[in-house]
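Colleague: Coordinates for the following, if possible.
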Amino acid sequence: MSLLHAVAIGSSVVISTIFTAIALFTDGWLFVEGVCYGDYCTGDIGLGLTPYPGGEYMETQLPDWLLATCWLMYFTFAIDFICLIVTAAYVFSVFNGSVKMEKMVLLLTSGVTAVTALLGLIAFVVFEAGYGGLDGLIKEYVKLGFSSFMQLVAFLFAIIACAISIFRVCVVEDQEY
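Modeller: Numbers count the residues shown, from 1 in each chain. So this is what the prediction gives:
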């Protein structure tokens, strides 16, 4: 039964990491409406978080909530890799058969996945609240993209991995050493 839990936790963590990577490295956070010059019209221009949209090539500095979302996503992605390593250690402990090590690694897995989920959720909320606070005139030209919702899916998979690992800690606690 613990092998089934290891597969469920591992697959949830891998899927969460994949969705976080897609959300971070695609340019689908915001879409700025295209401009028409006579017969030629540009399509919507997607803005992503990597590299941070702003700096020398932008005429104006973008809002601080976008910078906060960017840094939160970087931290989430970094902790996702730590989560992958801890999950691999859990799978190793299941195959090793050490109940004491399994419990310790499960506690670490549940903690790391909870931090990953929390940072991802905070990034989603900061982005959505910042977008909701845009002025009416700007909001007409800027549309919400798909990447923030991909981060929400990553959050859900991280919560699933955290819940399974907490459940497994309770089961392992009842076992004898």
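Colleague: Tyr131: neighbour count?
Modeller: Tyr131 sits with 20 neighbouring residues when counted by other C-beta atoms under 10 Å. Backbone N, C-alpha and C define where each C-beta goes, glycine included.
Colleague: list the helices and strands the host helix or strand of it packs on?
Modeller: If you go by DSSP states H and E, Tyr131 is part of helix 99-132. Packing partners of helix 99-132 (3 or more C-beta pairs under 8 Å, 6 or more residues apart in numbering; DSSP states H and E): helix 2-25, helix 64-96, helix 147-174.
Colleague: need these in CSV with distance to Gly34, mean pLDDT and mean neighbour count, can you?
Modeller: Listed next are the helices and strands packed on helix 99-132 as CSV, based on distance: least, C-beta to C-beta, whole Å; pLDDT from 0 to 100; neighbours: other C-beta atoms under 10 Å:
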stretch, distance to Gly34, mean pLDDT, mean neighbour count
helix 2-25, 23, 91, 20
helix 64-96, 20, 88, 18
helix 147-174, 19, 87, 20
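Colleague: Including distance to Val32, could these go into TSV?
Modeller: TSV is the format used below for the helices and strands packed on helix 99-132 (distance: least, C-beta to C-beta, whole Å):
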stretch	distance to Val32
helix 2-25	19
helix 64-96	13
helix 147-174	14
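Colleague: Ser110 is nearest to which of these?
Modeller: Within those, the stretch nearest Ser110 is helix 147-174; the backing value is 4.1 Å (C-beta to C-beta).
Colleague: Nearest residue to Phe155 in space, please, no chain neighbours.
Modeller: Nearest residue to Phe155, sequence neighbours excluded (C-beta to C-beta, 6 or more residues apart in numbering): Gly120, at 4.2 Å.
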